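Enquirer: Pasting the sequence and the predicted coordinates here, then a few questions.
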Amino acid sequence: MVLQQPPSMARKGSKSCDVNARKSLPKEFNANEQEWLSRAWIKVANETVQHDVDLTKAVIADYTQEMSKSFWELVEKEYANIAPKKRFREAEALFSQWDAMLPDLTDFLGAFMHVQEGVDERTGQDAENNREMVLTSVRKAFYEKHDYEFQYEVTTRLLVLHGHWRDVLKPLLIPDDEGRDEEEDGRDETTAEDPESSNDSTEKSESEEFTPRNDESESDSSSDCQMYESVEALKAKEADKGVTRPRSEQSSENEDDSTDRQRRQRLNAVGDAIFRSEMQFSEAISAKQVEVMERQLDWEIMTRSGEGLSDEAAEYIRLQRAQILQKIRKQSEEVQD
């Protein structure tokens, strides 16, 4: 079966193919450290949402917010539990690395979900075969779009194999409203080219306004954070001018302060819950799935042909193979001992 290339992976011109235009990654982060970061991010994000903290993609991405800093401090602690001491990374460095990975990662994940849904509808094969077929298709489409290999397949597998991928993790990476925004942009461009379709587009947009949204809580939480920041900025500005506001406004600010304190308290509770637990995924089945996935990925790397790869990609594959062999030898020695 031939998989159709997802729209989001369509070639967008020479600019998207310029490797030099990529967001540069911190050189000192190797593949292992990216995996440790991914595991730490996944665990903290899952535990945070499970404890009813109003967490969104926008909050995580805005390191100027106190809530974002608290989140990344938890990621730092979880990362420290996974990584060797000599490879310790502070919260800001982890945030910067994740932020650098995010454009390629979300691009790949968005295309993966688009194709995955179509495959599930058209075939009766088992889930694992479907997933591998989709990954192969999207990997090729990604290369055709960017002219470089996708580097975060381990992170992708850790995410999509997680038990709470669709309901917890996916909204923090590719929220539903982002997909709607892209569709609306596409409709706007079509309308500009074809004036006769403007009435139909207008009617469709109006009807969509009355369609229930699945991400209301996410939008509300983002709005709450922005409102709190705006109020704080206004308080500081008026304090300099000696302005006294009505009690009704002061009461509203107190409520916002209380809401923010409650969020921080819930986030602290998340930290306590995380570090009381053992170093493993929240569900035993997830850990088993990851183990199988890692073996599959190791085998794929060891058997992959270097034909057609760039010098950088070939060097990456060579280093990965060396790490895999070193890991296997070490495991073999431990068994013999």
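Expert: Sure thing, it's come through.

Enquirer: tell me the helices in the stretch 51-200 of the chain, going along the chain?
Expert: 57-61, 66-82, 91-122, 127-146, 153-160, 170-173, 176-193, 198-209 (DSSP state H, counting those that start in this stretch).

Enquirer: Mind checking those helices for the one nearest to H51?
Expert: With distances scored as CB to CB, the stretch of these nearest to H51 is helix 66-82 (11.2 Å). Heads up, the C-betas are built off the backbone N, CA and C, glycines and all.

Enquirer: Can you list the buried residues in the closest one?
Expert: Buried residues in helix 66-82, counting neighbours by 16 or more other CB atoms under 10 Å, are found at 67-68, 70-76, 78-80, 82.

Enquirer: Distance to E334 added to the helices of the stretch 51-200 of the chain, as JSON lines?
Expert: Below are those laid out as JSON lines (distance: least, CB to CB, whole Å):
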{"stretch": "helix 57-61", "distance to E334": "37"}
{"stretch": "helix 66-82", "distance to E334": "19"}
{"stretch": "helix 91-122", "distance to E334": "30"}
{"stretch": "helix 127-146", "distance to E334": "29"}
{"stretch": "helix 153-160", "distance to E334": "23"}
{"stretch": "helix 170-173", "distance to E334": "36"}
{"stretch": "helix 176-193", "distance to E334": "45"}
{"stretch": "helix 198-209", "distance to E334": "58"}
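
Enquirer: Just put those in CSV and tack on distance to S305 and mean pLDDT.
Expert: Formatted as CSV, the entries for those read as follows, by distance: least, CB to CB, whole Å; pLDDT from 0 to 100:
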stretch, distance to S305, mean pLDDT
helix 57-61, 37, 93
helix 66-82, 32, 94
helix 91-122, 21, 88
helix 127-146, 14, 89
helix 153-160, 16, 95
helix 170-173, 31, 95
helix 176-193, 35, 51
helix 198-209, 47, 42
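
Enquirer: between those helices, which gets nearest to S38?
Expert: Evaluated with CB to CB, the helices of the stretch 51-200 of the chain place helix 153-160 nearest to S38, the distance being 4.1 Å.

Enquirer: So which elements touch the closest one?
Expert: Packing contacts for helix 153-160, counted by 3 or more CB pairs under 8 Å, 6 or more residues apart in numbering; DSSP states H and E, involve helix 31-50, helix 91-122, helix 127-146, helix 284-303.

Enquirer: check contacts around A45.
Expert: Shown here is A45, whose contacts under the criterion CB atoms under 8 Å, 6 or more residues apart in numbering are 55, 60, 168-169, 172.

Enquirer: now A313, nearest residue through space, not along the chain?
Expert: Counting by CB to CB, 6 or more residues apart in numbering, A313 lies nearest to E149, which is 4.9 Å off, once chain neighbours are set aside.

Enquirer: Go ahead and confirm the one you found touches G308.
Expert: No. Taking contact to mean CB atoms under 8 Å, the distance of 10.3 Å between E149 and G308 leaves them out of contact.
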